[in-house]
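> Next one to model:
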Amino acid sequence: MRTAKINNVKLGVFVLSGLVFLVVLLYMLGKNISLFGSTYVLKARFENIQGLVAGSNVRYAGIQAGTVKEIGILNDTTIEVVMLIEKDMQSVIRKNAVVSISTDGLVGNKVVNISPSKQTAELAKEGDALFSRKSVNTDDMIQTLYNTNQDVAVIAASLRTTVQRINENNNLWKLLNDKSIPSGIKASIANIRIATGSAENMIDNLNSIIGDVKNGKGSAGILLRDSSLANNLNAAVQKIGAVSAGIDSLSSHMRMMVDGIGNDINSGKGVMNALLKDSGVVIKLNNSLDNIRKGTDGFNQNMEALKHNFLFRGYFSRLEKEKQKELKKNTKENKP
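Presented below is the predicted three-dimensional model:
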């Protein structure tokens, strides 16, 4: 009897132990905890874990890499997530990898994603904390979609009102149905093209002129670029100033002379008074000029007679030939 009781106790302990082991096994399987594989710990810190719980999956580049071991609150703004990573991933995950929280599917469970960086770095070791990236919150996304839907509704209402007004406007439809408008638009476009071509040609010409001016070509280029011309202009301006001063001085002397002549005429003295008012002086001047003219005519007759004299004929012929040669030479030099 006593032996039967002992056996029953042993059987009960065995069954209870098996049930406990089965429960623990099912729990660990439900939390995706590796029972037989070796793991190491990595950490990441977030401001908001968005409903992430212990036992959630950890993926590296989309590959299952481990599970979330525990979640701890460090302070009011920082939450630390401790991850159990399979030992095989220790040769892949580096310290510059970026950790983020996302959703498995559209409305599935939260998972931790580890994204590799394009830059090289050391491999992550036991207990290292990886960089974290703020992920998109589903609530924020839904709120944004809601606001967007509201804006779209307002825009749709405005468009509907605009379409109704267009439909009620007969003048607009008449304008749209006018067949002469397309031809007018085509003609306007052609004119615009012609004007654009003319403007391009004008711009090219202006650029060419500006280039010539910069290179010192043309009158404007010479005026703007030739320093010697500027010096000549300055010298010419100075000479003009000097001439102007001389003209002023000459004008003052002429004024004084005219004033003197006027005084002589008014006082009845001087040569100008005699020429203008004394008739006898005028008669004498006329006689003198007549005698000079007669003497000049006699001299011309004598010279003509000398030309025909056999003693001076050769001399005057030579002078005439030299004059003809000089005239021909000047004519050739003046030809373009």
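> Grab the nearest non-local neighbour of residue 43.
Distances taken as Cβ to Cβ, 6 or more residues apart in numbering place residue 129 nearest to residue 43, at 4.4 Å, with adjacent residues excluded. For glycine as for every other residue, the C-beta is placed from the backbone atoms N, C-alpha and C.
> and the next element down the chain from the helix or strand encompassing residue 291?
Under the criterion of DSSP states H and E, residue 291 resides in helix 279-308. Counting by DSSP H and E, the next helix or strand C-terminal to helix 279-308 is helix 313-334.
> And that following helix, what does it pack against?
helix 279-308 (3 or more Cβ pairs under 8 Å, 6 or more residues apart in numbering; DSSP states H and E).
> how many neighbours does residue 149 have?
By the other Cβ atoms under 10 Å criterion, the neighbourhood of residue 149 contains 10 residues.
> Now do the same for it: its pLDDT.
With respect to pLDDT, residue 149 scores 89.
> now it: how far from residue 162?
The span separating residue 149 from residue 162 equals 20 Å under the rule Cβ to Cβ, to the nearest Å.
> Over to residue 69?
From residue 69 across to residue 162, the span is 59 Å (Cβ to Cβ).
> Look at those two and report which has more neighbours.
residue 69 (19 against 10).
> The more buried one is in contact with residue 53, isn't it?
No: if you go by Cβ atoms under 8 Å, residue 69 and residue 53 don't touch, sitting 11.3 Å apart.
> thinking again about what came up before, tell me what angle the helix holding residue 291 forms with helix 313-334.
100 degrees (axes from the mean of the first three to the mean of the last three Cα atoms, to 10 degrees).
> quick one: average confidence on helix 279-308?
73.
> by contact count, what packs against that helix?
Packed next to helix 279-308, using 3+ Cβ pairs under 8 Å, 6+ apart, are helix 270-277, helix 313-334.
> Can you tell me which of these has the worst average pLDDT?
helix 270-277 (a mean of 60).
> one step back: buried residues, the helix holding residue 291. List them.
Neighbour-count burial for helix 279-308 flags no residue at all (criterion: 16 or more other Cβ atoms under 10 Å).
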